[in-house]
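A.B. asks: Output the structure for:
(one chain, ligands or ions: 1)
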Amino acid sequence: MNLTQLPSWQALSEKFGTFHHARMQDLFALDQDRFKKFSIQTSDLFLDYSKNRIDQETLNLLLRLADECKLETMIEALFNGEKINFTEQRAALHTALRNASNTPVMFENRDIMPTIKNVLDRVETFSNTVRNGKWRGHSGKPIRHIINIGIGGSDLGPKLLAEALCQHHHPDLSCSFVSGVDIKPRLENLDPETCLFVVVSKSFHTKETLANAERAKTWLLDVFGDKKAIAQHFVAVSANTEAAVAFGIERENVFEFWDWVGGRYSLWSAVSLSTILLIGMENFRELLAGAWRMDEHFRHTAFDKNMPVILALLGIWYGNFFGAQSHAIIPYDDRLSGLPRHLQQLDMESNGKTMTRYAEAVNYTTGPVIFGSPGTDCQHAYFQSIHQGSHLIPIDFIAPLNNPLTTKDQHETLLANCFAQSEAMMRGRTEEETRAMLKAAGQTAGEIELLTPHKIMVGNKPSNTLLFDEVSPQSLGALLALYEHKVFVQGIIWGINSFDQWGVELGKELAEQIKRDLHREAPGRHDGSTEGLMAKLRSGRL
Ligand code: F6P
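C.D. replies: As a prediction, this is how the structure comes out:
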């Protein structure tokens, strides 16, 4: 299948030719119901996508594209555990982790729901024991501080959850997340008697994680001088139980997950153990329930009212027809500051690929550069470029309608900023308006001439706004599942495998090679630049 030859793609190209200058403001003026027409409500989320450069015809064509790409069949393949990650011969069954129905989920002729339930029950028992103080450290004290050692999907998702759900934290527990290569400075201020290390690694091969875990283990053994201390202060979450046991962690302290869950899709499993210790299992189950409701919406709602499908199609419209290369995620709540980082891995590691399922290089662009940070901070940093720069950067504004951690007035101020940004990006400011504004401000004729060109804003910048009641486990679950499905839909349309990540492997291999070669003569093995850099590191001097 060649995507660009599909009838809907061709029709979209034509539509782009005639429509790309259309102004959203004019489209609003033409249709009083635009907001109602181009918005979707699910049990947990509300999406306003009316501030996009689309009309009904564009949307219909995009929906046709989804049909021509056999999206419906592929959604069923996803939920039914087919090995859609064909380069690794794996299913992508993260949806099974939050399956709240009594329906079995079959994988390789076996219902996997009992296994999932069993691990969740073990996690619940363990987390209750830690939370109620019955789990004791080696010297008999209860656990007070958790250190999550993991990287990528074994860090970003759980960390986001922990930060976002801070008002649900156990009052006597805290947690730090260590993902970089050196845990040493963190150990210096740690009380060994009350700390618990949670080593999270799907593969249990990741160098950074293992180096940190080894260092933590050595530190703990130095303090206690007793190997038995490991059992009380170390647990692991992994799809490779044997490697975790070989590392020295008690088998009963290893919480399992499975090959059919991708690292960046794993926060719904025991991978979130550190966070579960903080927020309790009940809240975690609420998170799963929110995600499950989004799964049901995605699986059973017609595409024209299907939130992940619509978000995905809008992304295709901008990326493949307007030439947008990036996409900004802007949450208006500091608790969600980890959201852009998590979605960055989710989207870029999934869809940053150029080889199709049919082993043909794409002749169209695929996954965009995802970036973002909490509003209003970014308004005072890079929003200038979104307003007046030369790149088209579609935005998702994300905000809770209520925030019990602040005053109503303060929250309304924050959201006024959020809504103002999407309005400003759409409206811009014409030359006429700019001149009138400067005149009203008492500027001289000369100043008006000088300033007008610089203060004009072309506007017509697209954005989506996603709202929910509060940053609750349920809304967060729905929000994260929404983006997982959006990324999935885009991967299907682009014809790529969203569930492997071969690109990161080469860097890992070379890092090992460089580490090995650093202190031995290996002429010619690396290029001149890399050899030069290695020489500097070897000598420790510039
Ligand atoms: O190198 C990329 C990656 O494999 C991610 O996909 C993954 O989330 C991360 O590394 C950590 O992997 P692991 O959980 O196996 O340590």
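A.B. asks: When you work out contacts or count neighbours from here on, use the C-alpha atoms and nothing else.
C.D. replies: Will do.
A.B. asks: Please name every helix or strand in contact with the helix or strand containing Q490.
C.D. replies: Counting by DSSP states H and E, the element that carries Q490 is helix 473-494. Helix 473-494 sits against helix 71-79, helix 281-300, helix 307-316, helix 339-351, with contacts defined as 3 or more C-alpha pairs under 8 Å, 6 or more residues apart in numbering; DSSP states H and E.
A.B. asks: next structured bit after it?
C.D. replies: With DSSP H and E, the next secondary element past helix 473-494 is helix 503-517.
A.B. asks: And the pLDDT for A522?
C.D. replies: Here, the pLDDT recorded for A522 equals 63.
A.B. asks: swap that for R251, sorry
C.D. replies: Reading off the model, R251 has pLDDT 97.
A.B. asks: Now do the helices in the stretch 101-250 of the chain.
C.D. replies: 113-131, 156-164, 184-188, 207-224, 229-233, 241-247 (DSSP state H, counting those that start in this stretch).
A.B. asks: quick one: buried residues of the last one?
C.D. replies: This points to helix 241-247. By neighbour count on 16 or more other C-alpha atoms under 10 Å, the buried set for helix 241-247 is T241, A244, V245.
A.B. asks: Can you confirm whether it lies near the ligand?
C.D. replies: No. Using C-alpha under 6 Å from any ligand atom, helix 241-247 stays clear of the ligand, with a minimum separation of 11.4 Å.
A.B. asks: residues in contact with R357?
C.D. replies: G495, I496, N497 (C-alpha atoms under 8 Å, 6 or more residues apart in numbering).
A.B. asks: Drop anything exposed from these.
C.D. replies: Looks like the contacts of R357 have G495, I496, N497 buried, using 16+ other C-alpha under 10 Å.
A.B. asks: any idea which of the residues you listed is closest to the ligand?
C.D. replies: Within the buried ones among the contacts of R357, the smallest distance to the ligand is 13.7 Å, found for N497 (C-alpha to the nearest ligand atom).
A.B. asks: which ones are touching the residue most central in space within the chain?
C.D. replies: Residue closest to the mean C-alpha point of the chain, counted by C-alpha atoms, centre = their mean, is L343 at 1.9 Å. With contact set as C-alpha under 8 Å, 6+ apart, L343 has these partners: I370, Y483.
A.B. asks: gap between it and P308?
C.D. replies: Distance, L343 to P308, by C-alpha to C-alpha, to the nearest Å: 14 Å.
A.B. asks: Same check on Q410?
C.D. replies: Relative to P308, and taking C-alpha to C-alpha, Q410 is found at 31 Å.
A.B. asks: For the two, work out which one has more neighbours and name it.
C.D. replies: P308 (24 against 11; other C-alpha atoms under 10 Å).
A.B. asks: List the contacts of the more buried one.
C.D. replies: Contacts of P308 by C-alpha under 8 Å, 6+ apart are F298, L482, Y483, H485, K486, V489.
A.B. asks: Contacts only, for the third one.
C.D. replies: The one in question is Y483. Here Y483 is in contact with P308, L343 (C-alpha under 8 Å, 6+ apart).
A.B. asks: If I look at it, what pLDDT would I see?
C.D. replies: Reading off the model, Y483 has pLDDT 99.
A.B. asks: Using the record's assignment, carve the chain into domains.
C.D. replies: 106-284, 502-539 (automatic domain parsing).
A.B. asks: Pick out the shakiest of these, pLDDT-wise.
C.D. replies: domain 502-539 (a mean of 89).
A.B. asks: near the ligand, which residues of this protein?
C.D. replies: I151, G152, G153, S154, S201, K202, S203, F204, T206, G263, R264, V504.
A.B. asks: List only buried entries from those.
C.D. replies: So, by 16+ other C-alpha under 10 Å, the buried ones in the residues of the chain next to the ligand are I151, G152, G153, S154, S201, K202, S203, F204, G263, R264.
A.B. asks: Same question for the residue nearest to the third one when sequence neighbours are not counted, what's its three-state structure.
C.D. replies: Among residues not flanking G153 along the chain, R264 sits closest, at 4.2 Å (C-alpha to C-alpha, 6 or more residues apart in numbering). Classification of R264 using DSSP: H, G, I helix; E, B strand; the rest coil returns helix.
A.B. asks: contacting residues for R264?
C.D. replies: Applying C-alpha under 8 Å, 6+ apart, the residues contacting R264 are G152, G153, S154, G157, Q345, L346.
A.B. asks: residues near the residue nearest to L160 when sequence neighbours are not counted, how many?
C.D. replies: Excluding its sequence neighbours, the residue lying closest to L160 (C-alpha to C-alpha, 6+ apart) is G338, at 4.9 Å. By other C-alpha under 10 Å, 23 other residues sit near G338.
A.B. asks: now do L273
C.D. replies: Using other C-alpha under 10 Å, L273 has 29 other residues around it.
A.B. asks: SS state for it?
C.D. replies: L273 - assigned by three-state DSSP - is helix.
A.B. asks: Can you give me the neighbour number for the nearest residue to it once chain neighbours are set aside?
C.D. replies: Nearest non-adjacent residue to L273, counting by C-alpha to C-alpha, 6+ apart: V123, 7.1 Å away. Neighbour count for V123, taken as other C-alpha under 10 Å: 23.
A.B. asks: Return the residues in contact with the single nearest residue of the stretch 51-200 of the chain relative to the ligand.
C.D. replies: Nearest residue of the stretch 51-200 of the chain to the ligand: G153, at 3.4 Å (C-alpha to the nearest ligand atom). By C-alpha under 8 Å, 6+ apart, G153 lies in contact with G263, R264, Y265, S266, L267, H342, Q345.
A.B. asks: Neighbours of the last one, how many?
C.D. replies: For Q345, the tally of surrounding residues (other C-alpha under 10 Å) stands at 20.
A.B. asks: give the contact list for the residue nearest to L273.
C.D. replies: Here V123 is in contact with F255, A270, L273 (C-alpha under 8 Å, 6+ apart).
A.B. asks: Can you tell me which of those residues is nearest D304?
C.D. replies: A270 (34.7 Å; C-alpha to C-alpha).
A.B. asks: Roughly how far does P114 sit from S238?
C.D. replies: Here the distance between P114 and S238 works out to 18 Å (C-alpha to C-alpha).
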